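Chemist: Following is a predicted model, sequence given first.
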Amino acid sequence: SKSILFANYFNLFLGLLFFSIIFIGIGPRVFDQLKGYENFSIQLNDFSKNEKIDNIVIQDRMFFSLINFHLKDSGINILTVKKPSERISNHFQIKLGLPKNFGKSFLYVGYPGNLSYLTNSFTSSLIKTVDINSKKQNVKIYKFAKND
C-alpha cells in the first residue's frame with residue numbers, strides 16, 4: 001500500500017512537472033504546429049466571400065480537419081480530395097470527398113495536379129501564398145472557376 005501511495009504521488013509530481021514545463025514554455029513547443037490556423041481559416045472565409053464561392057477543397061488531412069473546425073458554422077461547404085482510383089486514406093474522404101463530377105467553383109488549398117481526376121473543366125488561378133506558421137510555409141490558395 002505504501003508503494004501504491006508513492007507511485008500515485010510520483011505520477012502526480014510528473015504530471016504537474018510536465019504541465020508546468022509546457023505552460024511556461026521552457027520545453028518543446030508541442031502546440032506550435034497548430035498556431036496560425038484560425039487566422040488562415042479567417043483568410044479562407046474572407047476569400048470565399050469576396051469571390052462569392054461557397055466551396056473550399058483542402059488536400060491535406062490535417063489542414064482539412066483544422067479548417068473544418070474553425071469554419072464549421074460559416075456555411076461554407078468544405079471538401080477534401082478523393083481520387084476514385086485511390087484507396088480511402090482517411091475518414092473525411094468517405095462523406096466529404098470531392099466527387100469527380102463536381103460542377104461548382106471552389107477555392108483549393110493543395111497541389112492542383114491532385115485534381116486531375118475531375119471530369120468538368122475549370123480555370124485555375126493562384127490567389128495567394130500564405131505562411132501559416134513556421135512549419136507550414138508557402139501554402140498556396142487557388143481559385144477553380146467552373147468553365148461554362
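Modeler: Perfect, I can see it now.

Chemist: could you list every residue that touches the residue nearest the centre of the chain?
Modeler: Nearest residue to the geometric centre of the chain (CA atoms, centre = their mean): Phe63, 1.4 Å. Phe63 makes contact with Tyr37, Val109, Gly110, Val139, according to CB atoms under 8 Å, 6 or more residues apart in numbering. Every residue, glycine included, has its C-beta placed from N, CA and C.

Chemist: Setting aside sequence neighbours, what's the nearest residue to Gln43?
Modeler: Closest residue to Gln43 apart from its sequence neighbours, by CB to CB, 6 or more residues apart in numbering: Val130 at 6.6 Å.

Chemist: that older thread, tell me the one of the contacts of Phe63 nearest Ser48?
Modeler: Taking CB to CB as the measure, Ser48 sits nearest to Val109 out of those, at 11.6 Å.

Chemist: and the closest one, what are its bridge partners?
Modeler: Applying DSSP bridges to Val109 gives these bridge partners: Ile58, Ile141.

Chemist: For it, which residues are in contact?
Modeler: Residues counted as contacts of Val109 (CB under 8 Å, 6+ apart) are Leu44, Ile56, Val57, Ile58, Gln59, Asp60, Phe63, Ile67, Val139, Lys140, Ile141, Tyr142.

Chemist: what about dumping the CA coordinates of the longest helix anywhere in the chain to CSV?
Modeler: In the chain, ranked by residue count with DSSP state H as the criterion, the top helix is helix 2-24. Extracted C-alpha coordinates of helix 2-24, given in CSV (Å, rounded to 0.1, in the frame of the first residue of the first chain):
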residue,chain,number,x,y,z
LYS,A,2,2.9,2.3,0.6
SER,A,3,4.3,1.6,-2.8
ILE,A,4,0.9,2.4,-4.4
LEU,A,5,0.7,5.7,-2.5
PHE,A,6,4.3,6.5,-3.5
ALA,A,7,3.5,5.7,-7.2
ASN,A,8,0.4,7.9,-7.1
TYR,A,9,2.4,10.9,-5.7
PHE,A,10,5.2,10.3,-8.1
ASN,A,11,2.8,10.3,-11.1
LEU,A,12,1.1,13.5,-9.7
PHE,A,13,4.5,15.1,-9.4
LEU,A,14,5.5,14.1,-13.0
GLY,A,15,2.1,15.3,-14.4
LEU,A,16,2.5,18.7,-12.7
LEU,A,17,6.1,19.0,-13.8
PHE,A,18,5.3,18.3,-17.5
PHE,A,19,2.2,20.6,-17.3
SER,A,20,4.4,23.4,-15.8
ILE,A,21,7.1,23.0,-18.5
ILE,A,22,4.5,23.2,-21.3
PHE,A,23,2.6,26.1,-19.6
ILE,A,24,5.6,28.3,-19.1
